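A.B. asks: curious how this folds, go ahead:
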Amino acid sequence: MSGGARTEDRPREAVSVLVVRDSPFQVLMVRRNGVGMFADAFVFPGGAVEASDRATAGIGPDPAEDARRRAASRETQEEAGIRLERLEPFARWITPVGAPRRWDTWFYLATARAGEVARPDGAEVLEAVWVEPGLVVDDRERRIVFPTLANLMLLAQSASTAAAFAAAASRPRLAVVPEVVRSPEGRLARIPPEAGYPIREHFTPAENDNKS
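C.D. replies: Here you go, the predicted structure:
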């Protein structure tokens, strides 16, 4: 197939949802089970965009976006028992070429419907907690992978739900593709300054490299 990426090089589309609330300003995070590449990591609810999401997508100007939004709502409800009220684009990260598994992850900012209570599904997700973004980034007890950490730090620049949505709407839409440098000591991932994040690089020690 000339002129296009090989099938194994094409990242799989996924979504990650930053559900926020006020008083105090918090975001919902979930802890994955002990299996897979995100084992025991604290992340935002989310997962792959499935064929069923595309099959039920609308026929409007952007069916792909509709499918992603359906996936975001479905995954958040499946993993944390939360139904969403508002959902807007927040960021996009693409795993660099050469990684054993690649994802094209669309991050969304969201609010829950009134009265919703977070409940982990007990299978994929073992814990669901509301955290203040600015505090959890310094929590050494929780395993947080670089894309999650970077977006937590970006979210922490806002002090309320309204401010977070306004900031997200004003940012340019840029797909972030980290540059990865490996050494015997571990792995260093860098993102470009134009991405607008308060963090530019992240080092993973060699003993933890197979988990990130």
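
A.B. asks: which helices and strands does the helix or strand harbouring F107 pack with?
C.D. replies: Per DSSP states H and E, F107 falls inside strand 103-112. With contacts taken as 3 or more Cβ pairs under 8 Å, 6 or more residues apart in numbering; DSSP states H and E, strand 103-112 sits against strand 12-21, helix 63-80, strand 84-94, helix 146-155, helix 161-170. (Glycine included, C-beta is placed from N, CA and C.)

A.B. asks: now distance to P120 too, for these, in a markdown table please.
C.D. replies: Output for the helices and strands packed on strand 103-112, formatted as a markdown table (distance: least, Cβ to Cβ, whole Å):
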| stretch | distance to P120 |
| --- | --- |
| strand 12-21 | 13 |
| helix 63-80 | 6 |
| strand 84-94 | 17 |
| helix 146-155 | 17 |
| helix 161-170 | 23 |
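
A.B. asks: now mean pLDDT and distance to V129 too, for those, in TSV please.
C.D. replies: Compiled in TSV, these are given as follows (pLDDT from 0 to 100; distance: least, Cβ to Cβ, whole Å):
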stretch	mean pLDDT	distance to V129
strand 12-21	98	12
helix 63-80	96	10
strand 84-94	97	18
helix 146-155	96	13
helix 161-170	97	18
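
A.B. asks: mean neighbour count and distance to G186 for the ones you listed - can I get that in JSON lines?
C.D. replies: Shown next, in JSON lines, are those (neighbours: other Cβ atoms under 10 Å; distance: least, Cβ to Cβ, whole Å):
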{"stretch": "strand 12-21", "mean neighbour count": "22", "distance to G186": "24"}
{"stretch": "helix 63-80", "mean neighbour count": "20", "distance to G186": "30"}
{"stretch": "strand 84-94", "mean neighbour count": "18", "distance to G186": "20"}
{"stretch": "helix 146-155", "mean neighbour count": "22", "distance to G186": "12"}
{"stretch": "helix 161-170", "mean neighbour count": "15", "distance to G186": "32"}
